[in-house]
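Undergrad: Structure of the sequence below:
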Amino acid sequence: PARATGRRILLVDKPDATQSYFWIGNLGIARGDSDRVALDIANTAYGGRYTSILNTALRIQGGLTYSARWSMPRYSHAGTAAISSYTKTTTTEKAVDLALRTLSNVRRDGLDSLSLDAAKTYIQGQFPTRLETGDQIAAALADLAFYGMKRDELEGYAARVAGGRLEEVMRAIRRVYPPGEDLVFVFVGNAVKIRPIVGKYGRLTEVKIT
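TA: You can find the predicted model right below:
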């Protein structure tokens with residue numbers, strides 16, 4: 001897949017919707033990308049836990065949603081890198097604009113040292129729980145075999161996270177996180193009410209949910 005250029009919007013009309021669900025993003029990275037550990041740290045800080053930058057802005061401070069996340073799945077080829085959230089129909093514009101602002105800010109400013117250390121500590125605390133049972137270990141080894149990766153991907157992971165440097169994380173963010181002018185938006189909501197709002201973000205295509 002190729003990274004999208006420009007701005008495109010897909011609006012999926014669900015006439016009875018009382019909320020707007022939205023995804024905003026572009027192309028991410030493949031499973032074996034050289035910046036994968038740096039991006040694990042960045043993704044955790046930006047939108048991968050409850051106290052992330054994104055969730056803090058939209059939920060904790062803004063009161064606009066119950067959940068706002070940044071996800072970057074990795075396959076043999078690059079997957080997506082995207083914000084996902086939802087909000088009341090009446091606060092669609094406010095929530096989307098705030099989400100875009102957080103993305104712009106993190107691309108421009110990166111993370112501070114406190115956010116970096118907090119994300120690293122969080123990952124190191126969560127990682128062992130993924131390898132507690134025989135089933136989990138077998139699945140992890142099968143995943144390594146499928147993607148042609150070595151055991152050190154697991155055995156050395158915690159040490160690589162601990163050694164992650166701020167400049168590496170900032171470089172990875174600026175390489176992979178999409179700039180504001182190159183974004184794909186997907187909205188599911190009441191088109192009559194949100195069409196005038198979402199149309200401001202770029203070239204609009206509309207379909208019915210049926």
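
Undergrad: so what's the most centrally placed residue in the chain scoring on pLDDT?
TA: The residue lying closest to the centre of the chain (Cα atoms, centre = their mean) is residue 70, at 2.1 Å. For residue 70, the pLDDT comes out at 98.

Undergrad: Helix, strand, or coil at it?
TA: Following DSSP: H, G, I helix; E, B strand; the rest coil, residue 70 is assigned to strand.

Undergrad: close enough to count as contact, it and residue 52?
TA: Yes. If you go by Cβ atoms under 8 Å, residue 70 and residue 52 touch, sitting 7.2 Å apart. Quick note: C-beta positions are derived from backbone N, CA and C, even for glycine.

Undergrad: list residues touching both of these two?
TA: Common neighbours of residue 70 and residue 52, counting by Cβ atoms under 8 Å, 6 or more residues apart in numbering, are residue 46.

Undergrad: From the chain's centroid, how far away is the longest helix anywhere in the chain?
TA: Using DSSP state H to define each element, the chain has its longest helix at helix 92-109. Relative to its chain's centre, helix 92-109 lies at 12 Å (Cα atoms, centre = their mean, to the nearest Å).

Undergrad: how about whichever helix or strand comes after it: buried residues?
TA: As assigned by DSSP states H and E, the chain's next helix or strand after helix 92-109 is helix 113-126. Neighbour-count burial for helix 113-126 flags 115-116, 118-120, 122-123 (criterion: 16 or more other Cβ atoms under 10 Å).

Undergrad: again with stretch 198-210
TA: Using 16+ other Cβ under 10 Å as the test for burial, stretch 198-210 gives 198, 201, 204.

Undergrad: just checking, the second one touches residue 7?
TA: Spelled out, it's residue 201. Yes. Checked against Cβ under 8 Å, the pair residue 201 and residue 7 is within contact range at 6.0 Å.

Undergrad: any shared contact partners between those two?
TA: The contact sets of residue 201 and residue 7 overlap at 183, 185 (Cβ under 8 Å, 6+ apart).

Undergrad: Roughly how far does the residue of the chain most remote from its centre sit from residue 141?
TA: Distance from the C-alpha centroid of the chain, by Cα atoms, centre = their mean, peaks at residue 134 (29.7 Å). Look at residue 134 and residue 141: by Cβ to Cβ, to the nearest Å, they are 11 Å apart.

Undergrad: same check, this time on residue 92
TA: 44 Å.

Undergrad: cool, and residue 147?
TA: Separation of residue 147 from residue 141 (Cβ to Cβ) stands at 11 Å.

Undergrad: again, but for residue 12
TA: Going from residue 12 to residue 141 by Cβ to Cβ gives 39 Å.

Undergrad: Over to residue 39?
TA: Distance check for residue 39 against residue 141: by Cβ to Cβ, it reads 23 Å.
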